[in-house]
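Q: Quick check, what structure comes out for this input:
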Amino acid sequence: MASKPASMSLPPIDPSKLISLSTAYWGSQTLLTANRLGLFDVLSSGPLRASDIAEKMSLDPRMTGLFLNACVGLGLCEKSDGLFSNARVSEVFLTTNSPASMQNSMSFMDDIYATWGDLEQALRSGQPAKAATTYLGNNKEQTRHFVYSMHDRAMAIGRALPDVVDLSGRKKLLDVGGGPGTFSAMLTARYGGLQAEVLELPGVADVAEEILKATAADDRVSMIRGNYHETEFGSGYDAVLMSGMFHRESAENCQRLIEKATNCLEPGGIVIVNDVFADADGTTPEFSALFGITMMLTADDGCVHADADVSAWMEASGLEDVTTCAFPPPMPHRVVTGIKP
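A: Model prediction:
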């Protein structure tokens, strides 16, 4: 009897994962477009028919109906008797007046959406598809989206940070590459007597000062304009925070920054590194591995590091009591700390 072709002897394999991945951008572009159009703010005032939504937003009625149905299918909106309204998750996270609004984060994701289409070009050229300077000062609108996006994310992460890192009794914090200064604002509010200085690029610092003033944190947090690679860190600090910046730096730069942080500390001072980190082999968690591609596409040295490597760099810089702690889910962040002897 003739043997079966090899292809016929294979066990059945479900291609659902491939189909889901190949169409994932359908959902993401629907979300980003709805946010860009201001759909969730329109629906925040109450349920509306598709024709009324189209009229309010100057959209084509037929296409608007199809778009809204897709938003319902994605769980972004709800539909009842022909009326569309916000799903609870959209009302909480995607409307302007919500204290938990993530609109700015969505706007920044929108800014880099097309960049992912240049992934092949980046892999061939070895260069990021989007210059970091675009959103770090050169383009004011995109810089604003970026800084406010960092602020939105930091508002969520920052609520957990004081419970992960104890700064009791510390008086002077240097927040290196601290973006909008949100972490510093929250830490100084939690720990009385703590003052913070945020070292940031001029374009970012301009937007950060606007946020600090609006949140009444400018009496506790001040900005230092500079480049953390070139600007001296000074001395006399008893805490240094480096949050969300290692993912745009090479391993060599990260080690150098830890050394600079260690040198500016008083004995007993603490170095805090908070970021999206990968496990030792770099492939897990899935979010971290994909985040590494996002950074590769948007920064010269963009990547994702393993928290185990950060621990090793701290120990090599002479820090002691090095510890790693994961943030509560669903936050993908981890924090690594070390104490200067």
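Q: Quick check: the gap between the nearest residue to Ser168 once chain neighbours are set aside and Leu212.
A: In space, and not counting its chain neighbours, Ser168 is closest to Tyr191: 6.3 Å by CB to CB, 6 or more residues apart in numbering. Using the backbone N, CA and C atoms, a C-beta is placed for each residue, glycine as well. Going from Tyr191 to Leu212 by CB to CB, to the nearest Å gives 17 Å.
Q: With Tyr237 instead?
A: According to CB to CB, Tyr237 and Leu212 sit 19 Å apart.
Q: re earlier: quick one, which of Tyr191 and Leu212 is more surrounded?
A: Ranked by neighbour count (other CB atoms under 10 Å), Tyr191 and Leu212 place Leu212 first, with 24 against 18.
Q: mind listing what that one touches?
A: Taking CB atoms under 8 Å, 6 or more residues apart in numbering as the contact definition, Leu212 lies against Pro180, Gly181, Ala185, Asp218, Val221, Met223.
Q: And for Phe67?
A: By CB under 8 Å, 6+ apart, the contact set of Phe67 is Thr30, Thr33, Ala34, Leu59.
Q: same thing but 10 Å
A: By CB atoms under 10 Å, 6 or more residues apart in numbering, the residues touching Phe67 are Thr30, Thr33, Ala34, Leu37, Leu39, Ala50, Ile53, Ala54, Leu59, Asp60, Cys77.
Q: again with Pro15
A: Pro15 touches Ser22, counting by CB under 10 Å, 6+ apart.
Q: Please pull out the lowest mean pLDDT helix or strand from the protein.
A: Within the chain, no helix or strand scores below helix 140-164, which has a mean of 81 by mean pLDDT, DSSP states H and E.
Q: On the C-terminal side of that one, identify the next helix or strand.
A: strand 172-176 (DSSP states H and E).
Q: other SSEs contacting that next one?
A: On a contact count with 3 or more CB pairs under 10 Å, 6 or more residues apart in numbering; DSSP states H and E, strand 172-176 meets helix 182-190, strand 195-200, strand 221-225, strand 237-243, helix 251-263, strand 265-276.
Q: could you give the angle of the first one to helix 140-164?
A: Relative orientation of helix 182-190 with respect to helix 140-164: 40 degrees, computed using axes from the mean of the first three to the mean of the last three CA atoms, to 10 degrees.
Q: Can you check the pLDDT for the closest residue to Leu194 other than its chain neighbours?
A: Spatial nearest neighbour of Leu194, excluding adjacent residues (CB to CB, 6+ apart): Thr188 at 4.8 Å. On the pLDDT scale, Thr188 is placed at 95.
Q: Might you report the residue contacts of Thr188?
A: Going by CB under 10 Å, 6+ apart, Thr188 touches Leu167, Leu173, Asp175, Gly181, Leu194, Gln195, Ala196, Ala217, Asp219, Arg220, Val221.
Q: Show residues contacting the helix or strand that Phe108 is a member of.
A: Here Phe108, judged by DSSP H and E, is contained in helix 103-111. Under the criterion CB under 10 Å, 6+ apart, residues 28-29, 31-36, 38, 40-41, 93-96, 102, 130, 134-135, 139, 141-142, 144-153, 156, 294, 298 lie in contact with helix 103-111.
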